[in-house]
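A.B. asks: after the sequence you'll find the predicted model.
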Amino acid sequence: MADRVLVEILVAAPIETVWKALREPAEVIRWFGWAYPNLLADTEGMWADTKVDEANRTLYSDGQPDRFTVEPAGDKTIVRVIRSAPADAAGWSGIYDDVLEGWTTFFQQLKFALERHQGQERATLFLNGRARDAATPNPIEAMGLAPLWVVPAGERYSVRSKTGDTLEGTIYFRSPYQLGLTVDGAGDGLLIVTLRPRTSKSPHGGGSVLLTTYGMTADALAALRKRWSQWWKQTYDVIEIQPAPSE
């Protein structure tokens, strides 16, 4: 067994703030994943089984290969997801790994929430689906975001999305399977689009769209959720939409 850093991000917040955001369920739900009916209960249950090494600022669970550490860097904090696994395990040599992609998304959300919306409530939309056939474009292409792959992080963008929205903001991050964008019209929100290659359950691939919003009116948010959900159902075989379209 050996250790490898799967995810490492620098958060512009003090270590105590980040440590609290990782440990307290009421804070975790401000950044972790997306809104669904049992989010708080699931978070409380998951974190209840997590063990804490205060001396080394590490969170871990028995029998699980991934652990989470925080380290001060001046007035900032380095957050890492570390995996103990054989060198040829999934996620070790660029192999697609759902868990790795999940932690990449979640810790980008943590960084965004603490640096730009600390203490604020959020509203989310999560779309997950499978490509219907080999001709179905991946989610980045399907949304009309493909030109943004070559735009450097931190630069402004403006694009007319296939959802019918004009999206504007900055390139927040990119990884081999993910593109993150800030979205001005979502209250300085965060859009993360993830590609999923072919798997046994998704023979033609697929992916997900996760939009985190702040301060949108109820009517504007409801209209956006309806518009994006309808577009998703027209484009992909739906695995999950949260909140459900009827909400």
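C.D. replies: Great, that's in hand.
A.B. asks: tell me the first helix or strand C-terminal of the helix or strand of the chain with the lowest mean pLDDT.
C.D. replies: Least confident helix or strand of the chain, by mean pLDDT, DSSP states H and E, is helix 39-48 with a mean of 76. Scanning forward in sequence from helix 39-48 by DSSP states H and E, the next helix or strand is strand 51-53.
A.B. asks: now do the host helix or strand of T17, average pLDDT.
C.D. replies: Secondary structure here is read from DSSP H and E; on that basis T17 sits in helix 15-23. Per-residue pLDDT values over helix 15-23 give a mean of 95.
A.B. asks: who touches that helix?
C.D. replies: With C-beta atoms under 8 Å, 6 or more residues apart in numbering as the contact definition, helix 15-23 has outside contacts at 11, 27-28, 30-31, 47, 52, 57, 59, 68, 70-72, 77, 79, 110, 113-114, 118. (Glycine included, C-beta is placed from N, CA and C.)
A.B. asks: the nearest residue to V159 once chain neighbours are set aside: how many residues sit nearby?
C.D. replies: Taking C-beta to C-beta, 6 or more residues apart in numbering as the measure, V159 lies nearest to L167, with 5.5 Å between them; neighbours along the chain are not counted. If you count neighbours by other C-beta atoms under 10 Å, L167 ends up with 23.
A.B. asks: OK, contacts around L167?
C.D. replies: 157-161, 181, 183, 185, 191.
A.B. asks: out of those residues, which is most surrounded?
C.D. replies: If you count neighbours using other C-beta under 10 Å, the busiest of the contacts of L167 is L181, which has 25 neighbours.
A.B. asks: ok now do that residue, which residues does it touch?
C.D. replies: L181 makes contact with 145, 148, 157, 167, 169-172, 190-193 under the criterion C-beta under 8 Å, 6+ apart.
A.B. asks: now those in JSON lines, with distance to I95, pLDDT and secondary structure?
C.D. replies: Shown next, in JSON lines, are the contacts of L181 (distance: C-beta to C-beta, whole Å; pLDDT from 0 to 100; DSSP: H, G, I helix; E, B strand; the rest coil):
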{"residue": "L145", "distance to I95": "25", "pLDDT": "98", "secondary structure": "coil"}
{"residue": "L148", "distance to I95": "25", "pLDDT": "97", "secondary structure": "helix"}
{"residue": "Y157", "distance to I95": "30", "pLDDT": "98", "secondary structure": "strand"}
{"residue": "L167", "distance to I95": "31", "pLDDT": "98", "secondary structure": "strand"}
{"residue": "G169", "distance to I95": "31", "pLDDT": "98", "secondary structure": "strand"}
{"residue": "T170", "distance to I95": "30", "pLDDT": "98", "secondary structure": "strand"}
{"residue": "I171", "distance to I95": "26", "pLDDT": "98", "secondary structure": "strand"}
{"residue": "Y172", "distance to I95": "25", "pLDDT": "98", "secondary structure": "strand"}
{"residue": "L190", "distance to I95": "26", "pLDDT": "98", "secondary structure": "strand"}
{"residue": "L191", "distance to I95": "26", "pLDDT": "98", "secondary structure": "strand"}
{"residue": "I192", "distance to I95": "21", "pLDDT": "98", "secondary structure": "strand"}
{"residue": "V193", "distance to I95": "20", "pLDDT": "98", "secondary structure": "strand"}
